[in-house]
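> let's see this in three dimensions:
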Amino acid sequence: MLRATSFTFGTYHVDATRSTITFTYRVEFQGGKVRTYTDRLFFPDVAPELWDGVPKAVLEPTLQALLIMIGINYWCVFPTSDIRIEGFTLTREQARFWDALYLNGLGEFFYDMQMDFRNLITFPYEASATAPTPARFERPARALLLNGAGKDSILSAEMLKASNTPFDFFAFAPTPAHKRIAALVGAKTISVNRRRDLRINAIMSFHGVSSAYPSVSTFTFIATLLAELLGYNAIIFSNERSADFGNLTYLGLPVNHQWCKSSEAEKLVNEYIHDFITPDISTSSMLRKYSELEIVRRFVRYPQYLHYVTSCNTYFWLPRIEQLLRRKGYWCKRCPKCVFLFACFAAFLPKKEMITIFGADLYTDTRLLPLFRRILGLEGFKPLDCVGEPEEMILAMHYASRRKEYSGELAMQLFEKHFPTSYGFDEIARRVFTEE
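The predicted structure follows:
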């Protein structure tokens, strides 16, 4: 692959008649060759006239932030410390924000690619530049909730309904699973679609470039634009306390697969929106104080969703026709997330129902034992997937063990060997669960 000598965040253009935004990125390679890549966002639920309703002082910094945020998928393919921005300048504080977001948001990417990232991310700024003043733009008191088609966003939706908070879903590239959940919840969905430059997808596939990037940070800036256009003052995510627990350290950098869902990332992005765009739109996570196991304990109180929830990320890589033909939830039964969530659900549901939901008893699968060991914290580091802390796994398997339904099964034998009945499960429970 050609080595980049400079990377330029180019232009952004709104086509209001089609409710489309086009972003361009220019890469210069050794030898002087230059290529331009184009990325597009589509907003099918935004009427053309709504674009003129957003003040320029709000819209422009939002589009500038989106240009840089969307560009992370291009810069990481052609990484270079010579970063340039065309058409606007950053202040020192803004540059520091983007340095931090790129560095931490791409931690897993750097580890996957075994890339030396040190002194690589240096967003340009003008020391004398004046920070843009955040513009007041009051929006109606209602929420925009990310629909991930999984247990977390469903629980948040039920909590919003219980508090009589008006809300709509928003979904990035919605699948049949998103639409199925929205129908069950009874909520409208605002859709956003994206088309990456086909050449960048081909390069990533051919060269085996990692696809790890801070997706939730991207969704946050897109949702900010939706809130401006359609009138919402709150953007709600369903990120849990467990997202703050990382995986490993690489070249001195803590690597957290879920960093973009962490409280640190949420605070950084929320402050950026308030400081440089508008103080009238806020982002937060309804489930931040809960562990993953606590979320499952609360989620199973809504049995109408148990057979339809899609919390396995493998689903989103299935061929579209397979997604369309599937009428209920999907579990690949092979990934770390399936293993972890099987244990969490098995802590509260009878075995017969578990097998109906998941389509198998994962405690009996020999191939999964290495994943059980890692998620329990017995060896290696926590898998790079959306799984909770080892203590949550330990407590979940303890609850299933007490019911004796899985006695003698392979994973349960492993668990009981390392965690006898004398283990301090009550103390773990006090840390894993909230007091309420």
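> which regions of this protein lie under the pLDDT threshold?
1, 435-436 (pLDDT under 70).
> in it, which residue is closest to the centre?
Val216 (3.8 Å; CA atoms, centre = their mean).
> that one touches Lys261, doesn't it?
Yes - using CB atoms under 8 Å, Val216 is in contact with Lys261, at 5.2 Å. All C-beta spots, glycine's among them, are computed from the backbone N, C-alpha and C.
> shared neighbours of these two, anything?
Phe237, Asn239 (CB atoms under 8 Å, 6 or more residues apart in numbering).
> re the thing from before, can you tell me the closest non-neighbouring residue to the residue nearest to the centre of the chain?
Cys260 (4.1 Å; CB to CB, 6 or more residues apart in numbering).
> where does Ser407 sit: helix, strand or coil?
Put simply, Ser407 is coil when judged by DSSP: H, G, I helix; E, B strand; the rest coil.
> leaving out sequence neighbours, find the closest residue to it.
Closest to Ser407 by CB to CB, 6+ apart is Ser401, at 7.9 Å.
> can you map out the helices along the stretch 251-400 of the chain?
Taking DSSP state H, counting those that start in this stretch, the helices of the stretch 251-400 of the chain run over residues 263-276, 292-299, 320-325, 336-346, 351-358, 369-375, 390-402.
> contacts for the third one?
Contacts with helix 320-325, where a contact means CB under 8 Å, 6+ apart, come from Thr175, Pro176, Ala177, Tyr315.
> neighbour-wise, which one of those residues leads?
Among those, the one with the most neighbours (other CB atoms under 10 Å) is Ala177, at 25 neighbours.
> mind listing what that one touches?
Ala177 touches Ala149, Thr310, Tyr315, Gln323, Arg326, Gly329, Tyr330, counting by CB under 8 Å, 6+ apart.
> and Tyr406, how far from Leu368?
Distance, Tyr406 to Leu368, using CB to CB, to the nearest Å: 13 Å.
> kindly report the same for Glu228.
With CB to CB as the criterion, Glu228 and Leu368 are 45 Å apart.
> for Ala173, same thing?
For Ala173, the distance to Leu368 - CB to CB - is 30 Å.
> what does Thr165 give?
To Leu368, Thr165 is 40 Å away according to CB to CB.
> ditto for Lys188
39 Å.
> quick one, which of these two is more surrounded?
For Lys188 versus Leu368, neighbours defined as other CB under 10 Å are more numerous around Leu368 (21 against 11).
> got the contact list for that one?
Arg334, Val339, Leu362, Ala411.
> just Thr283 next, same as before
Residues counted as contacts of Thr283 (CB under 8 Å, 6+ apart) are Thr220, Ala223, Thr224, Ala234, Ile235, Ile236, Phe237, Glu266, Val269, Asn270, Ile273.
> give me the nearest residue to the first one, chain neighbours excluded.
Counting by CB to CB, 6+ apart, Thr220 lies nearest to Val269, which is 5.1 Å off, once chain neighbours are set aside.
> could you do the second one as well?
Nearest-residue entry for Ala223: Ile235, 4.5 Å, with adjacent residues in sequence omitted and distances by CB to CB, 6+ apart.
> in CSV, list the contacts of Thr283 along with neighbour count and distance to Asn193.
Putting those into CSV (neighbours: other CB atoms under 10 Å; distance: CB to CB, whole Å) gives the following:
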residue, neighbour count, distance to Asn193
Thr220, 23, 17
Ala223, 25, 14
Thr224, 27, 17
Ala234, 20, 23
Ile235, 26, 19
Ile236, 26, 21
Phe237, 26, 20
Glu266, 21, 24
Val269, 23, 22
Asn270, 17, 25
Ile273, 23, 23
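> out of those, flag the one nearest to Phe348.
Checking the contacts of Thr283 against Phe348 by CB to CB gives Phe237 as the nearest, at 24.0 Å.
> quick one, strands of the stretch 101-250 of the chain?
143-146, 167-172, 189-195, 234-237, 248-250 (DSSP state E, counting those that start in this stretch).
> wait, which of those strands is closest to Phe23?
Going by CB to CB, the one of the strands of the stretch 101-250 of the chain nearest Phe23 is strand 189-195, 10.2 Å.
> in contact with the residue nearest to Thr220, which residues?
Counting by CB under 8 Å, 6+ apart, Val269 has contacts Leu101, Ser217, Thr220, Phe221, Thr283.
> can you list contacts of stretch 88-97?
64, 98, 123-127, 129-131, 268, 272, 275-276.
> so which of these is the most crowded?
Busiest of these [other CB under 10 Å] is Trp98, holding 25 neighbours.
> got the contact list for that residue?
Ile68, Leu90, Phe123 are the contacts of Trp98 under CB under 8 Å, 6+ apart.
> circling back: how close does the residue nearest to Ala223 get to Glu49?
Distance from Ile235 to Glu49, by CB to CB: 23 Å.
> then Cys344?
For Cys344, the distance to Glu49 - CB to CB - is 46 Å.
> and the two? Which one has more around it.
The residue with more neighbours, out of Cys344 and Glu49, is Cys344; 30 against 9, by other CB under 10 Å.
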